[in-house]
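**Student:** Just need the structure, nothing else, for what follows:
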Amino acid sequence: MPPSVPALPWLAPEQDFPPGAQAWGRESPAPGLLAAGGSLDVDSLRRAYSAGVFPWFSRNEPILWWSPDPRMVLQTAQFKLHHSLRKTLARFRRDARCEVRFDSAFSTVIQACSSRERAGQSGTWIGPEMLNAYQALHEAGFAHSVETWVDGALVGGLYAVSIGQALFGESMFAHATDASKIALAALVGFCRSHGMEMIDCQQNTRHLASLGAAEVRRDAFLAQVAQQLAKAAPLWQFQPHHWEALAAKPNPQP
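**Tutor:** Numbering: from 1, shown residues only. This next block holds a predicted model:
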């Protein structure tokens with residue numbers, strides 16, 4: 001007989017999240033699923049991310065909250081700046097038409113991300129509820145966009161949640177080759193410059209692994225999150241000298 005489905009807590013608005021260790025395990029139908037219900041208001045999202053929990057659900061589903069084990073994490077010191085991306089960045093930086101901006105077009109970035117599919121899911125996972133929730137989180141200072149601009153056009157980028165120095169990547173998009181990788185490289189340079197040690201990537205993908213992300217145990221991830229939460233948040237403004245932090249710790253190429 002198949003294993004029974006564990007009970008799933010249903011959260012009332014403003015109710016505390018269960019400990020991550022109570023999330024469904026690997027043998028369950030949805031490993032990492034922690035709870036359902038609750039609210040997507042700013043305070044709930046801030047408390048969720050501070051506890052290593054994130055929302056992920058499709059349209060016509062209730063709000064679902066996740067705390068997977070293991071967790072995919074990019075330690076910023078381990079970012080793999082492959083030779084091809086290094087050449088792309090060199091060209092980008094030399095071209096006066098090219099620039100990286102933070103938070104100049106958050107709404108456009110998240111809308112662009114909502115139009116792409118996430119691995120393992122049919123259709124988009126960033127529906128109207130999520131768009132409104134993260135826009136409010138951005139306006140409260142806890143969500144940021146990293147944007148790749150060429151000749152006055154937004155060609156790629158990503159958005160992430162940031163609390164203290166804990167950083168949680170959400171989604172990225174590209175309308176031009178390597179545009180999202182440029183945004184990620186800029187974010188890594190910014191993070192290294194400010195002592196931000198990790199970017200949460202939530203779930204394992206081949207693409208993230210190729211850039212240096214790796215799985216870590218949930219308890220180790222949560223311990224690192226707690227350390228980063230206690231540090232003062234940086235000023236979210238990209239400066240050209242942040243590129244130099246990428247070259248400060250060369251990575252061996254495969």
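
**Student:** what's the weakest-modelled helix or strand in this protein?
**Tutor:** Across the helices and strands of the chain, mean pLDDT, DSSP states H and E gives its lowest value to helix 244-247, namely a mean of 90.

**Student:** Give me the average confidence score over stretch 127-137.
**Tutor:** Averaging pLDDT along stretch 127-137 gives 96.

**Student:** got the CA positions of it in PDB?
**Tutor:** C-alpha atoms of stretch 127-137 as PDB (Å, rounded to 0.1, in the frame of the first residue of the first chain):
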ATOM      1  CA  GLY A 127      -0.100  34.700 -10.500                       C
ATOM      2  CA  PRO A 128      -1.900  37.900  -9.600                       C
ATOM      3  CA  GLU A 129      -1.700  37.200  -5.800                       C
ATOM      4  CA  MET A 130       2.000  36.700  -6.000                       C
ATOM      5  CA  LEU A 131       2.600  39.800  -8.200                       C
ATOM      6  CA  ASN A 132       0.700  42.000  -5.700                       C
ATOM      7  CA  ALA A 133       2.400  40.400  -2.700                       C
ATOM      8  CA  TYR A 134       5.900  40.900  -3.900                       C
ATOM      9  CA  GLN A 135       5.200  44.400  -5.200                       C
ATOM     10  CA  ALA A 136       4.100  45.300  -1.600                       C
ATOM     11  CA  LEU A 137       7.200  43.500  -0.300                       C
END
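
**Student:** Next, the buried residues of it.
**Tutor:** By 16 or more other C-beta atoms under 10 Å, the buried positions in stretch 127-137 come out as 127, 130, 133, 134, 137. C-betas here are computed from N, CA, C, even on glycine.

**Student:** distance of residue 223 from residue 214?
**Tutor:** According to C-beta to C-beta, to the nearest Å, residue 223 stands 16 Å off from residue 214.

**Student:** who has more neighbours, the two?
**Tutor:** Between residue 223 and residue 214, counting by other C-beta atoms under 10 Å, residue 214 is the more crowded of the two (15 against 12).

**Student:** My read is that the more buried one contacts residue 72, right?
**Tutor:** Yes - counting by C-beta atoms under 8 Å, residue 72 is a contact partner of residue 214 at 7.3 Å.

**Student:** how near is the residue most central in space within the chain to residue 226?
**Tutor:** Geometric centre of the chain, nearest residue: residue 169, 0.7 Å, by C-alpha atoms, centre = their mean. Distance from residue 169 to residue 226, counting by C-beta to C-beta: 18 Å.

**Student:** got it, and residue 69?
**Tutor:** Taking C-beta to C-beta, one finds residue 69 at 16 Å from residue 226.

**Student:** Which residue of those two possesses the greater neighbour count?
**Tutor:** Neighbours were counted for residue 69 and for residue 226 using other C-beta under 10 Å; residue 69 has more, 21 against 14.

**Student:** Now do the same contact list for the spatially closest residue to residue 231 that is not a sequence neighbour.
**Tutor:** Once flanking residues are discounted, residue 231 sits nearest to residue 165: 4.1 Å by C-beta to C-beta, 6 or more residues apart in numbering. Residue 165 is in contact with 194, 195, 196, 197, 228, 229, 231, 232, 233, 234, counting by C-beta atoms under 8 Å, 6 or more residues apart in numbering.

**Student:** Distance of the fourth one relative to residue 25?
**Tutor:** It stands for residue 197. 28 Å.

**Student:** The two: who's more crowded?
**Tutor:** residue 197 (19 against 13).

**Student:** Kindly state the pLDDT recorded for the more buried one?
**Tutor:** For residue 197, the model assigns a pLDDT of 96.
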